[in-house]
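[1] no sequence for this one, just the structure:
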Ligand SMILES: Cc1cn([C@H]2C[C@H](O)[C@@H](COP(=O)(O)OP(=O)(O)O[C@H]3O[C@@H](C)C(=O)[C@@H](O)[C@H]3O)O2)c(=O)[nH]c1=O
């Protein structure tokens, strides 16, 4: 298992060791001791799993406001996504910057996104299934979002007219969100 830095402090790409044989493959998709060895020692309290039927489905950009902020360990079980983490730590020198990484069932890559980031992804192929562990429970009243097409973020999503939920079509740009709603 290896981890690779991204442009944003705290966000890591993880590549598990893949054991291939004549039947297929085997990976440890999470192991407390191995991830602690990589510096990811959060306790995960919830696992999430979503299916997006169409290519070009965009979910995001989502976060939970403090004190309910979530760290997320994201991977793809089927298909592929362009996965994005946006730094929303008000005191961060990289506030408002983002990283985008392709995660797929074929590359086995995972993205570790700690608390203090908004997260979103766009599917690259039909029937994409995404799974992620989170270190805080879901809290509907703390659920927040940033416009996927915020012109200041200018994220190069793979499609111009993604399939969105009603909620995701209505979020505002990061620059107009109150600092107390973000991460310290
Ligand atoms: C996120 C979440 C949603 N729900 C419910 C609320 C709603 O009825 C339904 C669908 O929720 P959403 O539309 O928010 O699902 P979705 O757009 O897939 O939201 C997810 O997007 C990605 C990018 C993330 O990073 C996640 O943390 C989460 O915000 O599921 C839960 O019960 N538990 C949860 O943890």
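    On my side now, so go ahead. As the structure is a prediction and not an experimental result, all values here were calculated from the model.

[2] in contact with the most centrally placed residue in the chain, which residues?
    The chain has residue 119 as the residue nearest its centroid, 4.4 Å off, counting by CA atoms, centre = their mean. Contacts for residue 119 (CB atoms under 8 Å, 6 or more residues apart in numbering) come out as 60, 61, 62, 63, 72, 74, 83, 84, 85, 86, 113. Using the backbone N, CA and C atoms, a C-beta is placed for each residue, glycine as well.

[3] tell me how far it lies from the ligand.
    Residue 119 sits 4 Å away from the ligand, going by CB to the nearest ligand atom, to the nearest Å.

[4] which SS state does residue 175 fall under?
    Here residue 175 is recorded as helix under DSSP: H, G, I helix; E, B strand; the rest coil.

[5] ok, now which ones touch the closest residue to it other than its chain neighbours?
    For residue 175, ignoring the flanking residues on the chain, the nearest one in space by CB to CB, 6 or more residues apart in numbering is residue 152 at 5.9 Å. Taking CB under 8 Å, 6+ apart, we find residue 152 in contact with 96, 173, 174, 175.

[6] hmm, residue 153 and the first one touching each other?
    In this case it means residue 96. Yes - here residue 96 lies in contact with residue 153, judged by CB atoms under 8 Å, at a distance of 7.0 Å.

[7] on that earlier part again, strand partners of the helix or strand hosting the residue nearest to the centre of the chain, parallel vs antiparallel please.
    Under the criterion of DSSP states H and E, residue 119 resides in strand 117-123. Strand pairing for strand 117-123, using DSSP bridges, gives strand 58-64 (antiparallel), strand 80-87 (antiparallel).

[8] please see if the first one touches the ligand.
    Yes - Strand 58-64 lies within reach of the ligand by CB under 6 Å from any ligand atom, at 59, 60, 62.

[9] before we move on, the earlier item: farthest-separated two in the contacts of residue 152?
    96 and 173 (10.3 Å; CB to CB).

[10] which neighbours do the two share?
    152, 153.

[11] just to revisit the earlier point, include neighbour count and pLDDT when you put the contacts of residue 119 into a markdown table, please.
    Below are the contacts of residue 119 laid out as a markdown table (neighbours: other CB atoms under 10 Å; pLDDT from 0 to 100):
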| residue | neighbour count | pLDDT |
| --- | --- | --- |
| 60 | 25 | 97 |
| 61 | 27 | 98 |
| 62 | 19 | 98 |
| 63 | 29 | 98 |
| 72 | 24 | 98 |
| 74 | 23 | 98 |
| 83 | 27 | 98 |
| 84 | 25 | 98 |
| 85 | 29 | 98 |
| 86 | 26 | 98 |
| 113 | 27 | 98 |
